[in-house]
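# Next one to model:
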Amino acid sequence: MDPAPVEGARSFQRPGEVYDRFMGRYSRALAPEFADAAGVAPGATALDVGCGPGALTGVLVERLGAPSVTAVDPSEPFVASCRARHPGVDVRVGRAEHLPVDDAAHDLALAQLVLHFTSDAAAAASEMRRAVRPGGAVAACVWDFSHGMEMLRLYWDSALAVDPDAPDEARTLRFGRAGEIVELFTAAGLVDVEETTLSVSSTYADVDELWSGFLAGIGPAGTHCLSLSDDDRARVRTELEERLGHPTESFTLGAVARCAVGRRPA
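As a prediction, the model looks like this:
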């Protein structure tokens, strides 16, 4: 396995509020769309795999109630944020590859924007299958890095203009292309696997607000941004502003996620 996902995951050892300013603005919008696709409905129990600060967890609480939700994340700062934001939810420190939950303990297991940061995606898919009851649903979604996630595409295209060897997520991370999550789920023994796309957006007041997200050092883009020299970082920002057309007022960027849902055989 390429080490890039592991390195990217390490950058998430940040307070939830920092994540919110970067990717959280998209994950909060994505969460209800993802929950709809996964068939989250009252009366079910759900496991939020890689919960982060709790964007999806909050939607699960709204629909199912806190006692029916378990959340897991390897980042202790994110776990602390999720616990504080969602009292009554059982939030645990743990990795998707080794979920700290009992067999068949949930009706649904959901992983939002997680699979591409696992060190062993096959193990994560198998663990999610194990965690749900027979007939239960397993769902995952990941940004379409090549075309669908405008914020990240803007950054990487700007970075590549400065450094052709920049570690563009479209080249280094998996599961953002059609069929990849379906293939993973099918290999894990899930059945009736279906794929769809989910679309959201976020509005920025100005370029400074957009750029501040990269300076937070979250994820591969933020990690790369902070690794640059001051001069190269300034060059990347200049490229980014040019690609945006030097906006003088607020602007909106879209994002498309690829989503797959399957079931554990009954």
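
# Residue 62: how many residues sit nearby?
14 (other CB atoms under 10 Å). Every residue, glycine included, has its C-beta placed from N, CA and C.

# Same check on residue 173?
Residue 173: 21 surrounding residues under other CB under 10 Å.

# And it, how far from residue 89?
28 Å (CB to CB, to the nearest Å).

# What's the local residue count around the closest residue to residue 175 other than its chain neighbours?
For residue 175, ignoring the flanking residues on the chain, the nearest one in space by CB to CB, 6 or more residues apart in numbering is residue 142 at 4.3 Å. For residue 142, the neighbour count with other CB under 10 Å is 24.

# looking at the sheet around residue 142, what are its partners?
residue 258 (DSSP bridges).

# which secondary element of the chain has the worst mean pLDDT?
helix 4-10 (a mean of 47; mean pLDDT, DSSP states H and E).

# list the buried ones in the helix or strand harbouring residue 231?
Assessed by DSSP states H and E, residue 231 sits inside helix 230-244. Across helix 230-244, burial judged by 16 or more other CB atoms under 10 Å covers 233, 235, 236, 237, 239, 240, 241, 244.

# Please enumerate the helices of the stretch 1-150 of the chain.
Here the stretch 1-150 of the chain has its helices, by DSSP state H, counting those that start in this stretch, at 4-10, 16-19, 25-38, 55-64, 76-85, 121-131, 150-162.

# residues making contact with stretch 247-259?
With CB atoms under 8 Å, 6 or more residues apart in numbering as the test, stretch 247-259 has contacts from 26, 30, 34, 37, 113, 139-144, 147-151, 154, 175-178, 180-181, 195-207, 210, 244.

# So how do I select the buried members of those in ChimeraX?
Entered in ChimeraX, the line below selects the buried ones among the contacts of stretch 247-259, by 16+ other CB under 10 Å:
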select :26,30,34,37,113,139,140,141,142,143,144,148,149,150,151,154,175,176,180,181,195,198,200,202,204,207,210,244
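
# Which members of the contacts of stretch 247-259 are positioned in strands?
139-143, 195-204 (DSSP state E).

# related to what we said a few turns ago, can you check what angle separates the helix holding residue 231 from helix 150-162?
Relative orientation of helix 230-244 with respect to helix 150-162: 120 degrees, computed using axes from the mean of the first three to the mean of the last three CA atoms, to 10 degrees.

# Alpha carbons only: can I get stretch 130-141 in PDB?
Output in PDB follows, covering the C-alpha atoms of stretch 130-141 (Å, rounded to 0.1, in the frame of the first residue of the first chain):
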ATOM      1  CA  ARG A 130     -18.300  -7.300  10.500                       C
ATOM      2  CA  ALA A 131     -19.800  -4.500  12.500                       C
ATOM      3  CA  VAL A 132     -23.300  -4.700  10.900                       C
ATOM      4  CA  ARG A 133     -25.900  -7.300  11.400                       C
ATOM      5  CA  PRO A 134     -26.700  -9.700   8.500                       C
ATOM      6  CA  GLY A 135     -28.800  -7.700   6.100                       C
ATOM      7  CA  GLY A 136     -27.300  -4.500   7.500                       C
ATOM      8  CA  ALA A 137     -26.000  -1.700   5.200                       C
ATOM      9  CA  VAL A 138     -22.400  -0.500   4.700                       C
ATOM     10  CA  ALA A 139     -21.800   2.800   3.000                       C
ATOM     11  CA  ALA A 140     -18.800   5.000   2.100                       C
ATOM     12  CA  CYS A 141     -18.200   8.200   0.100                       C
END
